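>>> After the sequence you'll find the predicted model.
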Amino acid sequence: MTPSTHEEKSFDELDTMPLDDKMKSVKLNAWFGNKQALKNIDLPIRTNCVTAIIGPSGCGKSTFIRCLNRMHELIPDSRLTGQILLDGKDIYAKESDPVQVRRRVGMIFQKPNPFPTMSIYDNVAAGLKLTGVGAGKDLDEIVKRSLEQATLWDEVKDDLKKPGTSISGGQQQRLCIARAIALQPEVILMDEPCSALDPVATAKVEQLMIQLKKDYTVVIVTHNMQQAARVADFTSFFYLGELIEYGPTKQIFEKPVKKLTESYLTGRFG
Amino acid sequence: MSRLMDLGLDQLTKMILDMSRLTEKTIISSLDAYQKKSEVTADSIFQLSNQLGMLKESTNDLAVELLARYQPLAVDLRYIKSCIDISYDLSRFGRYAYDIALTPSWLGDLSSCDFTVSLDMADKALAMIRKSIVAFKNRDAELAKTLSKDDDVIDRMYKEAINSIMNNKDAEMKCVVATLLLVRHLERMADHACYIGDSVVYIVEGQKVNLE
C-alpha cells in the first residue's frame, strides 16, 4: 500500500468548505444506573471525514461511540436521552430498527475479534449470511471486494480457507474491518482499533482509515493523540462526560481554544 | 511533577537566551568596529557570527529531537516551532553585524563622516531586539505587539536617512555608501526583532501576526 495523506482537502479548506453531517448527536445524555456518563453532547459527524474522539479514561468517549449505533442500550441498567441523527433521522425513534442501524453503522473493536471457528472467507461472509444482505449476490465477489478495501486481499487470497485466527493481530483487525465493510455500512465506528497492534500494523490500519473515508464516514476513539493527529479531519475532546472542544484537527492540536484541552494535550492534567 | 519534555524545553529556552546575549554583544561590537572606536575587527565579528550560526544549528537539533521524542502538541508545539524561527532570526543579527563591521574595510577611514542619525537608529534597533527577547523570556504577547510601533519609527528613520542623503549633494561618497549600508542593515535587524515578536504572539495566543 502506498502511504496515504489527507490528499483530498487541506485542513484550511476543511475550515471553510461546506460539509454535510452524516450523523449528529443532539443534547445526548447517557447513564449507567445513576451514573451519568454523557452530558448534553452536541457533536456533528461529518460525511466522508474521519472524526476522532479523544480524552482521558472515563471521559465517556467509548460510551458516546456506542450510542452512535445503539450498542449502549445493550448494557443492563443503561439509559439515554437526546437524539442521534443519521441522515437527519433519529436512530432512537420508535420506528427505528436497531439491527438496521447497526448494519448502517458498523463497529470495529479494540481487540480483533474474528469468529474463531470460521475461515477467513467465512468471517467476511458471516454478516452477509446472518443478515440476509448477501442473498442472491455473488458472495465470492463481495468477500474479495471487502478484503481488497481492507487492503488484506493480497496477503490472504491464497489462504481463504484458513482460520481467521491464524493470521497476525494486525491482519485480524483488517479482517474485522473487511467483515464490517462487507455489509456496506455508511459509517464505521472504531473503538481503539490499534491499541493491541504493533507500530507496523497500526500504520496499515491508519492508512486504511484514510482510504476508507473516501467511501465511508469514520469515527475513531483513541487514547493515542498522535494517531488522532495523523488520521482525523476533525477532533473532539471529551472530559468527565462533557464535550469540551471540537474542531478541525489542526486547530485542536496546534491552538486549542479551551484551557482544559490545552492541559490535556500537553500532559499538564490533574 | 514536571514532564520529561520540560527538561528539553528548558534547555531550548536557555540556548535561545544564550544566543540573544551573544547577539547583543555581536551587534555592539560591530558598531564599535564600524566607528573604529576599539580594536574590534571584522574578523572577530565574523567569529561571533559563526558562533551564532553554530548555536542556531544546535538549537534546531534539540528542537527536532524534542519533536521526535515527545510529539508535542498545542503550546509546546508552538514553542518549539517558534524557537526554531527565533534561532534563525538571532543568527541573522550576527550576519548583519558582520556586514556592518566589514564596511570600514571596504571604504577606509570613516572618521570624517557624520553618523549621528544612523547611530541613533542603531540604538533604537538594539532596543527593539532587547525588547523582543524580554517578550520571549516572559512570554509577553502584549509587549511583543508594541514592536510594531517601534518598527514604524525605524522605517521612518530609514526613509528620512535616504532622503537626507539624496538631498545632500556635497556629501563624501564613502560616507553616503557607509550610511546607506548601515541604515539598511539596521532596518532589516528591526524587521527580525518584529519576527521574534510574531513568534512570541504565536506561542502565547496561537495567532499568526505580522508586526513588521
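It's in.

>>> can we go C-alpha only for contacts and neighbour counts from here?
OK.

>>> count of neighbours near B:I84?
21 (other Cα atoms under 10 Å in any protein chain shown).

>>> Tell me the buried residues in the helix or strand hosting it?
Following DSSP states H and E, one finds B:I84 within helix B:74-107. Buried residues in helix B:74-107, counted by 16 or more other Cα atoms under 10 Å in any protein chain shown: B:74-104.

>>> Not counting residues beside it along the chain, what's closest to the residue in chain B that chain A sits nearest to?
Chain B approaches chain A most closely through B:A74 (4.4 Å), counting by Cα to the nearest Cα. Spatial nearest neighbour of B:A74, chain neighbours left out: A:E254 (4.4 Å); criterion: Cα to Cα, 6 or more residues apart in numbering or on different chains.

>>> Quick check: the gap between the one you found and B:R188.
To B:R188, A:E254 is 29 Å away according to Cα to Cα, to the nearest Å.

>>> Now tell me what touches the helix or strand B:K131 falls within from outside.
Assigning secondary structure by DSSP H and E places B:K131 in helix B:116-138. Outside of helix B:116-138, the residues within contact range by Cα atoms under 8 Å, 6 or more residues apart in numbering or on different chains are B:13, B:17, B:20, B:24, B:27, B:140-141, B:143-144, B:147, B:150, B:154, B:157, B:161, B:179, B:182-183, B:186-187, B:189-190, B:193-194, B:196-197, B:200.

>>> and what of stretch B:47-56?
Taking Cα under 8 Å, 6+ apart as the rule, stretch B:47-56 contacts B:15, B:19, B:22-23, B:26, B:84, B:87-88, B:90-91, B:94-95, B:97-98.

>>> is it true that B:N210 touches B:D198?
Yes. Using Cα atoms under 8 Å, B:N210 is in contact with B:D198, at 6.1 Å.

>>> Looking at those two, which is more packed in?
The neighbour count for B:N210 versus B:D198, taken as other Cα under 10 Å, is higher for B:D198 (26 against 13).

>>> so which strand or helix has the more buried one?
Residue-wise, B:D198 maps onto helix B:173-205 under DSSP H and E.

>>> that older thread, give me the neighbour count for the residue nearest to B:A74.
19.

>>> give the contact list for it.
A:E254 touches B:L73, B:A74, B:V75, B:L77, B:R78, B:G206, counting by Cα under 8 Å, 6+ apart.

>>> what would the residues you listed look like in JSON lines with pLDDT?
Output for the contacts of A:E254, formatted as JSON lines (pLDDT from 0 to 100):
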{"residue": "B:L73", "pLDDT": "95"}
{"residue": "B:A74", "pLDDT": "96"}
{"residue": "B:V75", "pLDDT": "96"}
{"residue": "B:L77", "pLDDT": "96"}
{"residue": "B:R78", "pLDDT": "97"}
{"residue": "B:G206", "pLDDT": "95"}
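
>>> which bits of the stretch 101-250 of chain A sit near chain B?
For the stretch 101-250 of chain A, the residues in contact with chain B (Cα under 8 Å from any Cα of the partner chain) are A:Q226.

>>> quick one: low-confidence ranges for the stretch 101-250 of chain A?
Within the stretch 101-250 of chain A, the segments meeting pLDDT under 70 span A:134.

>>> if we go to 90?
A:127-138, A:195-198, A:201, A:204 (pLDDT under 90).

>>> Could you pull out the buried residues of the helix holding B:D198?
For helix B:173-205, a neighbour-count test (16+ other Cα under 10 Å) marks B:174-176, B:178-180, B:182-205 as buried.

>>> In terms of secondary structure, what does that helix contact?
helix B:74-107, helix B:116-138, helix B:141-145, helix B:147-167 (3 or more Cα pairs under 8 Å, 6 or more residues apart in numbering or on different chains; DSSP states H and E).

>>> I'd say A:N40 and A:W31 touch.
No. Here A:N40 does not reach A:W31: they are 11.7 Å apart, not a contact under Cα under 8 Å.

>>> Report the contact partners of the closest residue to A:R46 other than its chain neighbours.
The shortest distance from A:R46 to any non-neighbouring residue, by Cα to Cα, 6+ apart, is to A:D21 (4.4 Å). Contact analysis of A:D21 by Cα under 8 Å, 6+ apart lists A:P44, A:I45, A:R46, A:T47, A:D87.

>>> ok, A:D21 to A:I244 distance?
Applying Cα to Cα, the value for A:D21 to A:I244 is 20 Å.

>>> For chain B, which residue occupies the most central location?
Closest residue to the average C-alpha location of chain B: B:F93 at 3.9 Å, with Cα atoms, centre = their mean.

>>> dump the residue contacts of it.
By Cα under 8 Å, 6+ apart, the contact set of B:F93 is B:T23, B:I27, B:M189, B:H192.

>>> Validate this expectation: the second one resides in a strand.
No. The assignment for B:I27 is helix, going by DSSP: H, G, I helix; E, B strand; the rest coil, so no strand is present there.

>>> count of neighbours near it?
Neighbours of B:I27 using other Cα under 10 Å come to 25.

>>> Looks like it contacts B:S91 (just checking).
No. Using Cα under 8 Å, B:I27 makes no contact with B:S91, being 11.3 Å away.

>>> SS state for the residue in the stretch 101-250 of chain A that chain B sits nearest to?
Minimum separation of the stretch 101-250 of chain A from chain B (Cα to the nearest Cα) falls at A:Q226, amounting to 7.2 Å. Counting by three-state DSSP, the backbone at A:Q226 sits in helix.

>>> List the residues that contact it.
Going by Cα under 8 Å, 6+ apart, A:Q226 touches B:Q71.

>>> what does B:A141 give?
The contact partners of B:A141, taken as Cα under 8 Å, 6+ apart, are B:A135, B:G197, B:V200, B:V201, B:V204, B:E205.

>>> Against A:I181, how distant is the fifth one?
Spelled out, that is B:V204. Between B:V204 and A:I181 the computed distance is 45 Å (Cα to Cα).

>>> ok, A:K144 touching A:W153?
Yes. At 6.7 Å, A:K144 counts as touching A:W153 under the criterion of Cα under 8 Å.
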